[in-house]
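Asker: sequence and predicted structure are below.
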Amino acid sequence: MNSLSINFELPSTVASQAGLDPDTINQDVKMMFALFLYEHKRISLSKACEISGISHWEFFEMNKRLGIRMPYTQEDLKKDMEKLADV
């Protein structure tokens, strides 16, 4: 899989105000990026989980904890049910 490496500077005061731990900031930022892209329907749930490195259930719990609505529609459910029927 090809990947990009992204580096940027974040003032330590901003990181502190956002509650970011210097020891886990890389993982936290990847998680937030995945949440943002998923919430705005730019990537799939599976891709968001892949980026953030967590399971679907953990991702659902993270969204719930942060108060982010999951953009999961009746059509999404129908597609998922069809995929399961094919297995």
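Answerer: Nice, I can see it.

Asker: quick one: contacts of stretch 34-41?
Answerer: By CB atoms under 8 Å, 6 or more residues apart in numbering, the surrounding residues in contact with stretch 34-41 are 43-45, 47-49, 51-52, 59, 62-63, 66, 68-69, 71. C-betas here are computed from N, CA, C, even on glycine.

Asker: mind checking which of those residues land in helices?
Answerer: In helices, judged by DSSP state H, the following of the contacts of stretch 34-41 are found: 45, 47-49, 51-52, 59, 62-63, 66.

Asker: from these, which two are the most distant?
Answerer: Within the ones in helices among the contacts of stretch 34-41, Lys47 and Leu66 form the most distant pair, 18.5 Å apart (CB to CB).

Asker: just the C-alpha atoms of stretch 31-49, please, in PDB.
Answerer: Extracted as PDB, the C-alpha positions of stretch 31-49 are listed here (Å, rounded to 0.1, in the frame of the first residue of the first chain):
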ATOM      1  CA  MET A  31      -7.900   9.200  14.800                       C
ATOM      2  CA  MET A  32      -9.300  12.700  14.500                       C
ATOM      3  CA  PHE A  33      -8.400  12.900  10.800                       C
ATOM      4  CA  ALA A  34     -10.200   9.600  10.200                       C
ATOM      5  CA  LEU A  35     -13.200  10.800  12.300                       C
ATOM      6  CA  PHE A  36     -13.400  14.000  10.300                       C
ATOM      7  CA  LEU A  37     -13.200  12.400   6.900                       C
ATOM      8  CA  TYR A  38     -15.800   9.800   7.800                       C
ATOM      9  CA  GLU A  39     -18.200  12.300   9.400                       C
ATOM     10  CA  HIS A  40     -18.000  14.400   6.200                       C
ATOM     11  CA  LYS A  41     -18.600  11.300   4.000                       C
ATOM     12  CA  ARG A  42     -15.200  11.500   2.400                       C
ATOM     13  CA  ILE A  43     -14.200   7.900   3.300                       C
ATOM     14  CA  SER A  44     -15.900   4.700   4.200                       C
ATOM     15  CA  LEU A  45     -16.200   3.300   7.700                       C
ATOM     16  CA  SER A  46     -13.700   0.600   6.900                       C
ATOM     17  CA  LYS A  47     -11.200   3.100   5.600                       C
ATOM     18  CA  ALA A  48     -11.600   5.200   8.700                       C
ATOM     19  CA  CYS A  49     -10.900   2.200  10.900                       C
END
